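Student: Pasting the sequence and the predicted model now:
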Amino acid sequence: MIDILERIRNPKYYDKIVTAEQAAALIQPNDKIAISGFSPAGYPKAVPLALARRIAKEHFQVDIWSGAATGDVIDGELAKVHGVHRRYPYQDNKKLREAINNGESLYEDMHLSHMAQQVRSGFFGSLNWMFFEAVAITEDGNLIPSTSVGNSPTYVAQAEQVIVEINISQPLALEGMHDIYEPADPPIRQPIPIVHAEDRIGTTFIPCGWDKIKAIVPCDIPDAPRFLKPIDEDARAMSIHLIDFLKQEVNKGRLPENLLPLQSGVGSVSNAVISGLVKSPFSDLSIYTEVIQDGMFSLIDAGKVNIVSGTCISASPECLQHFYSNIDQYRKMIILRPQEIANNPEIIRRLGVISMNTAIEFDIYGNVNSTHICGSKVMNGIGGSGDFARNAYLTIFCTSSIAKNGKISSIVPLCSHIDHTEHDVQILCTEQGIADLRGLCPVERARAIIANCAHPKYRGQLTDYLNRALGKKERGHEPILLGEALSWHQKFLSKGSMLDEGQK
């Protein structure tokens with residue numbers, strides 16, 4: 001309790017301290033609850049667990065709004081007791097995914113940069129509660145975030161009442177790493193004054209006030225970060241291909257020697273790609289991204305990067321402990337922003353970000369599927385990939401050319417679900433190679449993708465499909481044999497779904 005009292009910097013409000021069970025008892029059926037956290041870092045833990053235990057006995061549901069993915073103590077535990085009525089804007093939990101795909105829980109998959117403004121505009125109705133993980137509360141009742149920011153500034157501002165978890169497992173040294181800025185809404189919005197990745201434009205705390213804080217809950221449960229798969233040969237090959245590509249862009253005068261600010265998506269493949277830059281000739285790098293993963297810490301340790309801007313620290317367990325042990329050094333290099341700013345199209349376009357994200361599959365014309373298996377079963381969600389893909393200086397998508405031990409081709413005639421159209425995709429990369437689609441017509445794109453990205457096992461089938469589509473009497477601008485293209489997915493579905501593999 002002593003640690004908690006030291007982190008509540010106004011003793012007049014010690015009487016707001018309650019147990020997690022007492023806080024969870026305040027929630028009513030059908031309440032809309034927003035939570036701090038992003039992918040999964042800085043999320044509340046004690047109160048959601050207590051709420052799940054209560055729901056198991058009383059059998060009701062609530063809506064959950066987040067920044068992005070959360071820890072299993074939220075999505076997983078609430079889904080187990082059938083407690084999630086509606087969820088947005090992103091998830092990556094196996095149990096909740098099952099509930100969504102069987103229709104038990106309602107889910108809107110959203111661009112992450114859109115959520116905050118839509119909440120402020122009232123698109124989803126009034127927000128009853130905000131569950132927020134803090135490292136401290138200031139004398140004036142403002143909140144110091146922990147390892148993420150996400151949508152928390154907007155949720156705190158819009159919620160009727162706030163429950164704060166003070167997590168003593170999160171170091172107080174996190175204070176000062178955050179840059180909290182919430183833009184005004186149209187028609188009075190002004191330009192966001194970020195012109196370099198290292199620019200700070202806001203406060204180090206989230207405005208709240210004691211009147212809005214209904215309860216304060218002690219917590220000592222640490223973040224449960226995701227385990228990243230070891231870097232395999234496919235990921236290593238993709239990293240080599242991309243580094244060679246970036247070297248060529250520099251040699252052609254299309255990129256400066258220190259590149260442009262880098263963005264890398266969530267997961268093992270994206271982490272492997274960014275990790276490959278450690279041994280590259282590039283230095284003096286900057287990163288403007290959403291999720292700060294292991295590879296970015298490796299770049300800092302190697303002296304390759306000057307600034308890392310994101311909305312959360314979502315490292316592996318080993319890397320997270322390394323971060324905590326060296327936090328005084330890292331705090332000079334890392335800025336944590338709201339996702340509305342980290343993923344903001346205006347800033348992404350202004351900085352000229354190089355965007356690198358992961359696909360489930362892409363088709364021969366350059367459309368990318370990031371979210372659904374065989375067109376209908378959601379995996380996780382689009383996350384921030386669309387925010388960056390549409391607005392980046394260079395947009396790159398990576399995936400292994402095959403899945404399920406070669407039973408499935410990740411390059412198909414036509415994506416079963418399209419998240420990123422051919423208009424937003426410039427570079428595709430697999431372990432086989434890179435297809436540069438800039439300036440190419442659809443047929444030229446198809447030939448480049450098949451030749452450079454498809455696995456040899458499927459290259460002949462894809463070439464045969466393209467040739468027959470070109471042979472139609474009315475081939476059109478983008479030749480498609482629609483029935484046959486869709487049958488690919490039915491054929492692959494019979495060989496086993498990828499849903500049990502998780503996000504690539």
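Tutor: Happy to help now that I have it.

Student: what residue lies at the spatial centre of the protein?
Tutor: Centroid-nearest residue in the chain: Gly383, 4.7 Å away (criterion: CA atoms, centre = their mean).

Student: that's a strand at it, yeah?
Tutor: No: Gly383 is assigned coil when assessed by DSSP: H, G, I helix; E, B strand; the rest coil, not a strand.

Student: That one against His114, yeah?
Tutor: No: here Gly383 lies out of contact with His114, judged by CB atoms under 8 Å, at a distance of 11.7 Å. Where you see a C-beta, it was placed from the backbone N, CA and C, and this is true even at glycine.

Student: Does anything pack onto the top helix by length along the chain? Which helices or strands?
Tutor: Here the longest helix in the chain is taken by residue count, with DSSP state H as the criterion, and it is helix 233-251. Using 3 or more CB pairs under 8 Å, 6 or more residues apart in numbering; DSSP states H and E, the elements in contact with helix 233-251 are helix 268-275, strand 394-398, strand 427-430, strand 433-436.

Student: which of the residues in that helix are buried?
Tutor: Within helix 233-251, the residues scored as buried using 16 or more other CB atoms under 10 Å are Asp234, Ala235, Ala237, Met238, Ser239, His241, Leu242, Ile243, Phe245, Leu246, Glu249.

Student: of these, closest to Pro48?
Tutor: Closest to Pro48 out of the buried residues of helix 233-251 is Ala235 (33.2 Å), distances taken as CB to CB.

Student: How about that closest one: what's its closest non-neighbour residue?
Tutor: Nearest-residue entry for Ala235: Ala272, 3.4 Å, with adjacent residues in sequence omitted and distances by CB to CB, 6 or more residues apart in numbering.

Student: Just give me the longest strand of the chain.
Tutor: Among the elements of the chain assigned as strand by DSSP state E, the one spanning the most residues is strand 127-137.

Student: helices or strands next to the helix or strand following that strand in the packing?
Tutor: Read in the C-terminal direction, the helix or strand following strand 127-137 is strand 143-145, with elements assigned using DSSP states H and E. With contacts defined as 3+ CB pairs under 8 Å, 6+ apart, strand 143-145 has these neighbours: strand 127-137, helix 152-158.

Student: can you do 6 Å?
Tutor: Strand 143-145 is packed against strand 127-137, with contacts defined by 3 or more CB pairs under 6 Å, 6 or more residues apart in numbering; DSSP states H and E.

Student: where's the strand it packs on relative to the chain centroid, distance-wise?
Tutor: 21 Å (CA atoms, centre = their mean, to the nearest Å).

Student: Could you measure from His201 over to Pro191?
Tutor: Actually, residue 201 is Ile rather than His. When CB to CB, to the nearest Å is applied, the distance between Ile201 and Pro191 equals 11 Å.

Student: Can you list the residue ranges for helices in the stretch 201-350 of the chain?
Tutor: In the stretch 201-350 of the chain, the segments counted as helices under DSSP state H, counting those that start in this stretch are 233-251, 268-275, 294-301, 317-325, 327-330, 339-342, 345-351.

Student: rank those helices by mean pLDDT and give me the bottom one.
Tutor: Per-stretch mean pLDDT for the helices of the stretch 201-350 of the chain is lowest at helix 268-275 (a mean of 79).

Student: So what touches that one?
Tutor: By CB atoms under 6 Å, 6 or more residues apart in numbering, the residues outside helix 268-275 that reach it are 228-229, 231, 235, 238-239, 242, 264, 293-295, 298, 356, 358, 398, 504.

Student: and the residue nearest to the centre of the chain, how far is that from Gln293?
Tutor: As defined by CB to CB, Gly383 lies at a distance of 13 Å from Gln293.

Student: Low-confidence ranges, the stretch 401-504 of the chain, go.
Tutor: Low-confidence regions of the stretch 401-504 of the chain, defined by pLDDT under 70, span residues 491-504.

Student: For Lys457, which non-adjacent residue is spatially closest?
Tutor: What sits nearest to Lys457 in space, not counting adjacent residues and going by CB to CB, 6+ apart, is Gly406, at 6.2 Å.

Student: Dump stretch 440-454 to CSV, keeping only the CA atoms.
Tutor: The C-alpha coordinates for stretch 440-454 follow below in CSV (Å, rounded to 0.1, in the frame of the first residue of the first chain):
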residue,chain,number,x,y,z
LEU,A,440,2.8,-0.9,-63.8
CYS,A,441,-0.5,-1.8,-65.4
PRO,A,442,-2.5,-4.7,-63.9
VAL,A,443,-1.1,-7.3,-66.3
GLU,A,444,2.5,-6.1,-65.8
ARG,A,445,1.9,-6.3,-62.0
ALA,A,446,0.6,-9.8,-62.3
ARG,A,447,3.7,-11.0,-64.2
ALA,A,448,6.0,-9.2,-61.8
ILE,A,449,4.3,-10.8,-58.7
ILE,A,450,4.2,-14.3,-60.1
ALA,A,451,7.8,-14.1,-61.3
ASN,A,452,9.3,-12.6,-58.2
CYS,A,453,7.1,-13.4,-55.2
ALA,A,454,5.2,-16.7,-55.9
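
Student: Can you name the residues that contact the nearest residue to Asn93 once chain neighbours are set aside?
Tutor: Take Asn93 and drop its neighbours on the chain: the residue closest to it by CB to CB, 6+ apart is Asp75, 3.7 Å away. Taking CB under 6 Å, 6+ apart as the contact definition, Asp75 lies against Gln91, Asn93, Leu96.

Student: Now Ala173. Nearest residue, chain neighbours left out?
Tutor: The shortest distance from Ala173 to any residue that is not its chain neighbour, by CB to CB, 6+ apart, is 4.6 Å, and that residue is Ile327.

Student: ditto for Ile335
Tutor: Ser309 (4.5 Å).

Student: Relative to Ile334, how far out is the one you found?
Tutor: In this structure, Ser309 lies at 8 Å from Ile334, with CB to CB as the measure.

Student: Which one's more surrounded, those two?
Tutor: Set Ser309 next to Ile334 and count neighbours by other CB atoms under 10 Å: Ser309 wins out with 28 against 22.

Student: My understanding was that the residue nearest to Ala173 contacts Glu175; is that so?
Tutor: No: using CB atoms under 6 Å, Ile327 is not in contact with Glu175, being 10.6 Å away.

Student: joint contacts of these two?
Tutor: The contact sets of Ile327 and Glu175 do not overlap (CB under 6 Å, 6+ apart).

Student: Give me the phi and psi for the nearest residue to Ile100 once chain neighbours are set aside.
Tutor: Closest residue to Ile100 in three dimensions, ignoring its sequence neighbours and counting by CB to CB, 6+ apart: Tyr107, at 4.5 Å. Tyr107 adopts backbone torsions of phi -140, psi 130, taken as degrees, to the nearest 10.

Student: burial of Tyr107, as a residue count?
Tutor: Residues contacting Tyr107 under the criterion other CB under 10 Å number 19.

Student: Also Lys457?
Tutor: Look at Lys457: counted by other CB under 10 Å, it has 12 neighbours.

Student: what packs against the helix or strand harbouring it?
Tutor: For Lys457, the element it lies in under DSSP H and E is helix 456-470. With contacts defined as 3+ CB pairs under 6 Å, 6+ apart, the secondary structure elements packing on helix 456-470 are helix 442-452.

Student: what comes up buried for the helix it packs on?
Tutor: Under the neighbour-count criterion of 16+ other CB under 10 Å, helix 442-452 has Pro442, Val443, Arg445, Ala446, Arg447, Ala448, Ile449, Ile450, Asn452 buried.
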